[in-house]
Structure formats: structure tokens, C-alpha cells
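S.K.: sequence below, structure please.
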Amino acid sequence: MIFVLKYKNIMEIIDTPNPNARKIQTENSLFEDVQKCKEIEQEINKINGITSIFFGPDFITVSKQEDIEWESITQDIKIIFDKL
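M.R.: Numbering: from 1, shown residues only. The predicted model follows:
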């Protein structure tokens with residue numbers, strides 16, 4: 001099953017082959033701003049269950065603990081991106 005969530009045309013949250021990782025892709029150059037990346041990383045790291053964050057040129061991959069459900073994490077990520 002492929003999960004794609006579009007939110008306010010700013011980002012998409014996409015399933016990956018790893019069930020404990022999701023890709024966050026944006027439609028703009030949000031990740032070219034180093035300070036903005038640091039802010040995003042700090043906020044995502046505050047989310048319960050996050051184990052790692054990987055930044056690519058136009059995406060972030062977020063990994064979570066196996067026992068944490070994506071629903072709560074996804075909601076928290078949407079809130080973070082809504083503030084941008």
C-alpha cells in the first residue's frame with residue numbers, strides 16, 4: 001500500500017519500503033535554507049518516537065520507533081509544516 005498525503009500544497013508525506021520511515025517532499029526549495037532546515041530538524045526531533053532525520057535536496061526522510069503509530073507523528077509533522 002502506498003500512502004501519499006498532500007497538505008496545503010507545501011509537502012507530501014510518502015511511504016517508503018521501510019515501514020518505519022516516511023519521506024517528506026516539498027514543492028518548493030524549502031530545504032535550500034540551512035537555517036530553515038535546522039528549525040525543521042529541531043521541531044521534528046521533539047516528536048515522540050522519532051529516531052532519525054535525513055535531509056536530501058528536496059526531501060526529508062523521517063524514521064520512527066517500531067512501536068509508535070504513524071498517525072500521531074504525521075499529525076505533528078503537519079503542524080510543524082503549517083507554521084512554516
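
S.K.: what are the boundaries of the strands in this protein?
M.R.: For the chain, strands defined by DSSP state E occupy the ranges 4-7, 11-15, 21-26, 50-55, 59-64.

S.K.: for the ones you listed, give me CSV that also has mean pLDDT.
M.R.: Written out in CSV, the entries for the strands of the chain read as follows (pLDDT from 0 to 100):
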stretch, mean pLDDT
strand 4-7, 50
strand 11-15, 89
strand 21-26, 91
strand 50-55, 95
strand 59-64, 94
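
S.K.: hey, what's the most centrally placed residue in the chain bridged with?
M.R.: Closest to where the C-alpha atoms of the chain average out (C-alpha atoms, centre = their mean) is I24, at 4.4 Å. Beta-bridge pairing of I24, defined through DSSP bridges, involves I13, I60.

S.K.: how much space separates it from I14?
M.R.: Distance of I24 to I14, given as C-beta to C-beta, to the nearest Å: 8 Å. To be clear about C-beta, it is placed using only N, CA and C from the backbone, and glycine gets the same treatment.

S.K.: same check, this time on N45
M.R.: Separation of N45 from I14 (C-beta to C-beta) stands at 20 Å.

S.K.: I77 reaches I24, doesn't it?
M.R.: Yes. Here I77 reaches I24: they are 6.7 Å apart, a contact under C-beta atoms under 8 Å.

S.K.: what touches both of the two?
M.R.: Taking C-beta atoms under 8 Å, 6 or more residues apart in numbering as the contact definition, I77 and I24 share the neighbouring residues I13, V62.

S.K.: tabulate the strands of the chain (CSV), appending distance to K38.
M.R.: Shown next, in CSV, are these (distance: least, C-beta to C-beta, whole Å):
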stretch, distance to K38
strand 4-7, 22
strand 11-15, 17
strand 21-26, 16
strand 50-55, 10
strand 59-64, 12
